[in-house]
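Undergrad: Turn this into a structure:
(one chain, ligands or ions: 1)
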Amino acid sequence: MLYMDLARVYKALESTTKRLEKTEILAELFRSVEGELLPAVTILMLGRVFPTWSSEELGVGIKLLMKAISTVVGVSVEEIEDEIREQGDIGLASEKLFSRKAQTTFFSKPLTVELVYSKLRALASISGERAQSRKIDILLEILSQAKPLEAKYITRTVLEELRVGVAEGIIRDAISGAFGVDPALVERAHMLTNDLGMVALVARDEGEEGLKKLNLEPGRPVKPMLAQLADSIESAVQELGRAFCETKYDGVRVQIHRKSGEILIFTRRLENITLAVPDIVEMVEEALPDTDYIFEGEIIVKIDGRPASFQYILQRVRRKYDIDRLKVEVPLSLYVFDVLYHERPLIDEPLIKRRSILESVISEIPGKVEASHMVDVGPDNVEDAVNLFNESIREGHEGIMIKDVMAPYIPGIRGKKMLKFKAEPETLDLVVVGGTYGRGKRAHLVGSYLLAARDEDTGELMTVAHVATGLDDQTLQELSDRMEELIIERKGRKLWVKPEIVLEVAYSEIVKSPEYESGYSLRFPVVKRIRDDLSPEDVDTVSRIRSIFGESE
Ligand SMILES: Nc1ncnc2c1ncn2[C@@H]1O[C@H](COP(=O)(O)OP(=O)(O)OP(=O)(O)O)[C@@H](O)[C@H]1O
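TA: A predicted model of the protein is given here:
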């Protein structure tokens with residue numbers, strides 16, 4: 001398949017904001033792709049080369065890419081930087097520069113999707129000596145044959161910022177439309193496997209029967225089941241009838257997988273952090289059974305027996321070096337709260353059954369690996385839940401979870417079967433898309449951060465607030481340094497960055513506002529913490545903001 005055909009599809013997707021039109025464009029594309037190429041095309045449409053949870057990274061930054069463009073097009077890196085500034089985006093800048101390219105490549109073969117995809121994948125496998133120059137060679141191989149429109153999307157894909165307004169939901173609908181399969185089955189298969197390329201292939205070749213057979217497998221992370229906020233403990237228990245109430249630990253949620261003897265630990269954003277937490281691996285080897293499994297739990301840091309602030313744990317989970325020292329200085333504890341697979345898939349079993357399996361197979365290591373603290377509550381003993389809440393807060397935890405005992409595990413959904421009740425008011429997780437440098441002595445620090453929520457249909461980020469309070473000077477410095485690395489554009493004191501940093505923000509009220517793209521803004525926003533355990537895809541949606549606004553009206 002010609003890459004130009006794909007580039008034209010990207011262009012068509014970019015030229016409409018209508019969800020239905022985008023879905024139809026994609027469905028037509030998926031129908032037209034032949035043979036084994038479908039998974040590659042599906043994943044490229046998401047602007048990725050590997051599934052989200054793969055530990056493989058392309059590892060190409062803007063500087064390296066500019067070097068490659070400079071060689072192909074024959075202009076200086078400074079000129080490329082100017083063009084990016086002018087166009088506001090690497091793709092548009094590349095399209096412009098490639099169309100001005102002097103030496104036209106008359107004899108070059110047209111680029112195929114197969115070639116571009118395999119070369120992009122090859123980028124990830126390069127490491128060690130001369131990695132940078134070998135990566136440039138690969139980039140040159142593709143870019144030297146690229147037409148302007150192709151260059152636009154190749155460069156954006158390399159930097160993982162495709163921006164054609166396609167999120168996973170649209171791809172799912174397109175798969176269902178293209179192959180005439182039930183969208184609910186596509187969604188289920190996606191939540192269980194997190195591999196839309198495979199889901200598309202199975203939908204096409206094996207239809208609904210094939211999709212039904214897809215199930216979760218140790219080694220492949222599952223989208224976690226999410227919680228809704230309860231109005232009160234009493235009303236939540238009333239509604240559920242019988243609930244398991246558990247301490248809500250304030251740390252990082254992990255999925256622990258064991259497959260053929262190998263243990264893998266994934267975060268909630270499906271990142272593989274096994275190497276960063278060898279102590280957890282050692283502990284679960286002792287505490288959890290020697291079978292294939294998927295358990296879920298929360299990792300927290302305890303100092304002098306009390307839960308330490310959330311920022312401590314972030315030092316641990318993303319760490320690539322100094323791990324032996326940190327293992328001692330920042331010790332981790334694990335509270336296991338669910339089991340999704342134990343010798344067989346368990347997600348369709350009710351929580352009451354899953355919990356009893358969990359308790360029967362875990363060998364607790366007190367203070368290190370324990371089952372989450374739980375009480376069984378019905379309308380007659382609601383006070384037990386209230387007591388658990390008070391005890392949890394006294395011990396320094398966040399609140400309690402209130403879970404329907406009859407509910408299956410529903411991956412990826414924020415439903416009414418699992419509720420949370422916290423001491424602190426609800427917050428929003430938003431991604432930083434820009435900022436403003438301070439003045440005078442603080443001119444080197446980004447003092448105010450422009451935040452965005454996600455449009456659930458298109459995946460586009462819509463601004464919603466500026467936040468300038470809640471961070472100490474050291475954190476401001478760290479964030480400012482990270483922002484430097486992510487700059488897309490800078491004008492005077494203002495800067496715009498690649499969306500990567502997620503902040504959890506408290507606020508007094510949501511109000512309507514034409515000033516921000518979402519149509520809403522936050523009054524008195526304060527940063528509660530940096531959420532490095534979340535990715536830009538996990539941030540709160542505009543519809544959630546709309547619904548909180550609606551509730552308070
Ligand atoms: N016992 C527990 N059972 C389930 N989840 C727990 C438990 N203890 C702590 N948690 C954490 O609480 C989170 C549930 O809240 P939610 O699904 O809304 O996630 P969230 O968006 O991270 O919310 P929050 O910011 O309130 O943690 C889980 O993701 C998990 O990390």
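Undergrad: Give me the local confidence score for Glu551.
TA: Note for Glu551: predicted pLDDT of 64.
Undergrad: Would you mind measuring from Lys403 to Asp540?
TA: Remark: distance between Lys403 and Asp540 (C-beta to C-beta, to the nearest Å) = 22 Å. C-beta coordinates here come from the backbone N, C-alpha and C atoms, glycine included.
Undergrad: So between the two, which is more surrounded?
TA: A direct count of neighbours by other C-beta atoms under 10 Å for Lys403 and Asp540 places Lys403 higher, at 26 against 22.
Undergrad: neighbours around the residue of the stretch 451-553 of the chain found nearest the ligand, how many?
TA: Residue of the stretch 451-553 of the chain nearest the ligand, by C-beta to the nearest ligand atom: Glu504 (6.4 Å). Residues near Glu504, counting by other C-beta under 10 Å, number 19.
Undergrad: now the one 5 residues further on
TA: Here the number of neighbours of Glu509 (other C-beta under 10 Å) works out to 11.
Undergrad: Just give the nearest non-adjacent residue to it, would you?
TA: Distance criterion C-beta to C-beta, 6 or more residues apart in numbering; nearest residue to Glu509, sequence neighbours excluded, is Arg523 at 4.5 Å.
Undergrad: could you list every residue that touches the one you found?
TA: When contacts are counted by C-beta atoms under 8 Å, 6 or more residues apart in numbering, Arg523 touches Tyr507, Ser508, Glu509, Ile510, Val511.
Undergrad: Hmm, Tyr520 and the last one touching each other?
TA: Same thing as Val511. Yes. Val511 is within contact range of Tyr520, at 6.8 Å (criterion: C-beta atoms under 8 Å).
Undergrad: Looking at those two, which has the bigger crowd around it?
TA: Between Val511 and Tyr520, Tyr520 has the larger neighbour count (other C-beta under 10 Å), namely 22 against 12.
Undergrad: Is the more buried one bridged to anything, and to what?
TA: According to DSSP bridges, the residues that bridge with Tyr520 are Lys512.
Undergrad: Please read off the pLDDT at it from the model.
TA: 95.
Undergrad: Wait, it touches Gly550, no?
TA: No. Assessed by C-beta under 8 Å, Tyr520 is found out of contact with Gly550, at 10.8 Å.
Undergrad: interface residues of the stretch 351-500 of the chain facing the ligand?
TA: Ser372, Met401, Lys420 (C-beta under 6 Å from any ligand atom).
Undergrad: In a strand, the second one, correct?
TA: Pointing back at Met401 there. Yes. Judged by DSSP: H, G, I helix; E, B strand; the rest coil, Met401 forms part of a strand.
Undergrad: Please name the residues that touch it.
TA: So Met401 contacts Ala227, Cys245, Glu246, Thr247, Lys248, Phe337, Met418, Leu419, Lys420 (C-beta under 8 Å, 6+ apart).
Undergrad: for the last one, helix, strand, or coil?
TA: In other words, Lys420. Strictly by three-state DSSP, Lys420 counts as strand.
Undergrad: Mind listing the residues bridging to it?
TA: Beta-bridge partners for Lys420, by DSSP bridges, are Leu229, Met401.
Undergrad: residues contacting it?
TA: Ala227, Gln228, Leu229, Ala230, Lys248, Gly399, Ile400, Met401, Ile402.
Undergrad: Now, of those residues, which are buried?
TA: By neighbour count, with 16 or more other C-beta atoms under 10 Å, the contacts of Lys420 hold Ala227, Ala230, Lys248, Gly399, Ile400, Met401, Ile402 as buried.
Undergrad: The second one contacts Phe421, correct?
TA: Yes. Using C-beta under 8 Å, Ala230 and Phe421 qualify as a contacting pair, with a distance of 4.7 Å.
Undergrad: Now the common contact residues for those two.
TA: Counting by C-beta under 8 Å, 6+ apart, the shared contacts of Ala230 and Phe421 are Ala236, Ile402.
Undergrad: Looking at the residues of the stretch 351-500 of the chain next to the ligand, which gets the smallest pLDDT?
TA: Lys420 (95).
Undergrad: of all the residues in the stretch 1-150 of the chain, which ones are close to the ligand?
TA: Counting by C-beta under 6 Å from any ligand atom, no residue of the stretch 1-150 of the chain sits close to the ligand.
Undergrad: Relative to the ligand, which residue of the stretch 1-150 of the chain is the closest?
TA: For the stretch 1-150 of the chain, C-beta to the nearest ligand atom, closest residue to the ligand: Trp53, 16.5 Å.
Undergrad: Pull up the gap between that residue and Gly219, please.
TA: Counting by C-beta to C-beta - Trp53 and Gly219 are separated by 10 Å.
Undergrad: So between these two, which is more surrounded?
TA: Neighbour totals were compared for Trp53 and Gly219, and Trp53 leads with 21 against 15 (other C-beta under 10 Å).
Undergrad: what about the closest residue to the more buried one other than its chain neighbours, which SS state?
TA: Among residues not flanking Trp53 along the chain, Leu270 sits closest, at 3.7 Å (C-beta to C-beta, 6+ apart). Secondary structure state of Leu270, per three-state DSSP, is coil.
Undergrad: residue contacts, Leu270?
TA: Taking C-beta under 8 Å, 6+ apart as the test, what Leu270 contacts is Thr52, Trp53, Asn194, Pro221, Lys223.
Undergrad: Now do the shared contacts for Val511 and Tyr520.
TA: Here Val511 and Tyr520 have Phe549 as joint contacts, going by C-beta under 8 Å, 6+ apart.
Undergrad: domains of the chain?
TA: 3-158, 226-422, 428-552 (automatic domain parsing).
Undergrad: okay, now Met374: neighbour count?
TA: Neighbours around Met374, by other C-beta under 10 Å: 18.
Undergrad: correct me, but it touches Cys245?
TA: Yes. Using C-beta under 8 Å, Met374 is in contact with Cys245, at 6.9 Å.
Undergrad: Can you list the helices and strands that the strand or helix carrying Lys119 packs against?
TA: If you go by DSSP states H and E, Lys119 is part of helix 113-124. In this structure, helix 113-124 makes packing contacts with helix 3-14, helix 38-45, helix 131-143, helix 148-158, judged by 3 or more C-beta pairs under 8 Å, 6 or more residues apart in numbering; DSSP states H and E.
Undergrad: hmm, who's touching the longest helix along the chain?
TA: In the chain, taking DSSP state H as the definition, the longest helix is helix 196-213. Residues from elsewhere that reach helix 196-213 (C-beta under 8 Å, 6+ apart): 30, 36, 38-40, 42-43, 46, 51, 168, 171-172, 175-176, 178-179, 181-182, 185-186, 188-190, 193, 214.
Undergrad: One more pass at 7 Å, please.
TA: 30, 38-40, 42-43, 46, 168, 171, 175, 179, 181-182, 185-186, 189-190, 193, 214 (C-beta atoms under 7 Å, 6 or more residues apart in numbering).
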